[in-house]
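[1] Have a look; sequence and predicted model below, questions after that.
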Amino acid sequence: MALTINIYYTGQNGSAKAFVEEMISSKIVDDIRKEEGNLRYEYFTSFTDPETVLLIDKWINQEALDYHHASKMMKKIIELRNKYNLKMKVERFVDDIDILNNSKKFIKKN
């Protein structure tokens, strides 16, 4: 079952956005997206809280996520989070195919 992890990074004086910019410019984001089992790794900014950035991180299964957490890349991410003194709020979701299939009639597509 696929896992989606929402991570809300909150800092001060633009530090969350600076963190994302460094994650992108250092190619860490590109490397994570290339990891086996990664389905999505994308950042979003908040309209209501300019000091918060949302990461949507999706993995094919728990094993792929565990491998990512054990990788050298995770150490780099932790170092950057500490550098920018970010607080985190984490939400975890598991895909439920039955619910997704039953919801298709409510989803408008082009």
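    Nice, I can see it. Given the structure is predicted, the values throughout are model-derived calculations rather than measurements. Numbers count the residues shown, from 1 in each chain.

[2] could you measure Asn110 against Ile56, distance?
    Counting by Cβ to Cβ, to the nearest Å, the gap from Asn110 to Ile56 is 22 Å. For every residue, glycine as well, the C-beta is placed using N, CA and C.

[3] try Val90
    Shown here: Val90 relative to Ile56, a distance of 12 Å by Cβ to Cβ.

[4] Which one's more surrounded, the two?
    When Val90 and Ile56 are compared for neighbours, Ile56 comes out ahead with 15 against 10, by other Cβ atoms under 10 Å.

[5] Now do the contacts for the more buried one.
    In this structure, Ile56 makes contact with Thr4, Ile5, Asn6, Arg40, Tyr41, Glu42, Tyr43, Phe44, judged by Cβ atoms under 8 Å, 6 or more residues apart in numbering.

[6] element containing it?
    Following DSSP states H and E, one finds Ile56 within strand 52-59.
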